[in-house]
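> Got a predicted structure here, sequence first:
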Amino acid sequence: MSMTSLTNSLPAEREAFAPAVGGDVPDYFALLKPRVMVLVIFTALVGMVVSPHGHVSPVIGAISLLMIAIGAGASGCLNMWWDADIDAVMTRTAKRPIPDGRIRPNEALAFGLFLSVGSTLILGLAANWLAAGLLAFTIVFYAVIYSMWLKRATAQNIVIGGAAGALPPVIGQAVVSGTVGIESLVLFAIIFIWTPPHFWALALVKAGEYAKAGIPMMPNVAGPESTRRQIVWYTVLLAPLGLVPVALGFGGLLYAVIGVLGGLGMLAFSVQVLRNREGEAEKRAAMGMFGFSILYLFLLFAALLAEQSLGLFRPLVA
């Protein structure tokens with residue numbers, strides 16, 4: 001299908017956002033979801049440094065990280081193009097460039113496709129084609145499988161779709177070693193299991209907006225009580241999973257301390273979500289879980305980065 005036919009098939013709701021002129025540079029940058037790009041760079045970098053085999057020059061490493069980030073931004077751009085109708089009815093997304101009328105939908109589509117192809121090709125030429133293939137898969141999975149299908153079709157959208165957000169460490173290791181090893185797969189698993197309790201905590205607070213937009217998030221489908229219980233069970237699984245790098249020998253003392261304390265903190269916040277079910281207490285508990293989960297994941301990966309790149313690694317397993 002050509003880009004022209006694809007844009008011609010857009011629902012009227014998306015075309016209604018078309019402005020009189022194209023957007024400015026900051027508008028196009030906003031399409032890339034820059035905060036997500038920063039997280040992608042961070043986790044991909046950790047995937048690089050934990051790789052026990054291979055080596056790339058700083059220049060190739062920097063180019064690779066930039067391409068991984070641009071690929072993630074491209075998938076975010078395509079997501080915003082497809083979800084413009086949903087974004088328009090949700091308070092936290094209504095001011096995004098397309099629903100706010102600052103960028104035409106077909107311009108966003110062209111921008112996202114151009115960056116998708118360009119980032120994949122450059123990564124393949126600069127690093128290797130395994131890394132490029134994984135990046136291409138991540139873009140397609142997020143933009144097509146998640147955005148166009150799962151998000152509007154099932155309450156398991158975040159569970160399955162979380163695979164896209166968990167892949168950057170795997171791509172990072174592939175850049176360095178040309179292979180996918182147990183180290184990056186463990187990091188993938190940590191992010192994958194972390195994603196549902198993180199997003200469901202927010203979904204408990206934003207359930208009304210998701211319902212208005214017609215998105216089948218877990219609180220709207222299974223109900224708040226079931227969602228709270230699932231947050232606890234995912235967190236129970238996440239806490240020990242977060243310590244697997246120590247058992248496998250690529251997480252040291254610093255990582256172990258953060259993993260134990262952070263895991264206990266996650267469990268405590270999940271219990272608060274389970275116990276506080278009404279009013280402001282419910283909202284505070286859910287947003288506390290949402291905020292702490294971000295800190296938890298950041299500290300885990302920061303500890304690995306510090307141990308592997310700053311000489312702070314002190315092994316606990318011989």
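Good, I have the coordinates.
> And the helices in the stretch 101-250 of the chain, which stretches?
105-126, 129-140, 151-153, 157-166, 168-177, 182-205, 207-213, 218-221, 224-241, 244-247 (DSSP state H, counting those that start in this stretch).
> Quick check: mean pLDDT of the fourth one?
This predicted structure assigns helix 157-166 an average pLDDT of 94.
> of all the helices of the stretch 101-250 of the chain, which gets the most neighbours per residue?
Greatest average neighbour count among those goes to helix 168-177 (a mean of 29), per mean count of other CB atoms under 10 Å. Where C-beta positions appear, they are placed from N, C-alpha and C, glycine not excepted.
> Against which helices or strands is that one packed?
Counting contacts by 3 or more CB pairs under 8 Å, 6 or more residues apart in numbering; DSSP states H and E, helix 168-177 is packed against helix 34-49, helix 58-82, helix 129-140, helix 182-205.
> what separates the third one from the chain centre, distance-wise?
Put plainly, it is helix 129-140. Remark: helix 129-140 is offset 15 Å from the chain centroid, using CA atoms, centre = their mean, to the nearest Å.
> need the contact list for residue 32.
70, 72, 73, 74, 76, 77, 115 (CB atoms under 8 Å, 6 or more residues apart in numbering).
> still on that earlier bit, quickly, which of the helices of the stretch 101-250 of the chain bottoms out on average pLDDT?
helix 207-213 (a mean of 91).
> for that one, packing partners?
helix 218-221.
> got the contact list for the helix it packs on?
155, 158, 196, 200, 203, 204, 207, 210, 211, 226, 227, 230.
> hang on, the earlier thing: for residue 176, find the nearest of the helices and strands packed on helix 168-177.
Residue 176 sits nearest to helix 34-49 of all the helices and strands packed on helix 168-177, at 4.9 Å, using CB to CB.
> Extract the CA atoms of that closest one and return them as PDB.
Coordinates of the C-alpha atoms in helix 34-49 are reproduced here as PDB (Å, rounded to 0.1, in the frame of the first residue of the first chain):
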ATOM      1  CA  PRO A  34      11.500  12.500  23.700                       C
ATOM      2  CA  ARG A  35      11.100  11.300  27.200                       C
ATOM      3  CA  VAL A  36      10.700   7.800  25.900                       C
ATOM      4  CA  MET A  37      13.700   8.300  23.700                       C
ATOM      5  CA  VAL A  38      15.900   9.100  26.700                       C
ATOM      6  CA  LEU A  39      14.800   5.900  28.400                       C
ATOM      7  CA  VAL A  40      15.500   3.900  25.300                       C
ATOM      8  CA  ILE A  41      19.000   5.400  25.100                       C
ATOM      9  CA  PHE A  42      19.600   4.600  28.700                       C
ATOM     10  CA  THR A  43      18.400   1.000  28.600                       C
ATOM     11  CA  ALA A  44      20.200   0.300  25.300                       C
ATOM     12  CA  LEU A  45      23.400   1.600  26.700                       C
ATOM     13  CA  VAL A  46      23.100  -0.700  29.700                       C
ATOM     14  CA  GLY A  47      22.500  -3.600  27.200                       C
ATOM     15  CA  MET A  48      25.800  -2.600  25.600                       C
ATOM     16  CA  VAL A  49      27.900  -2.400  28.800                       C
END
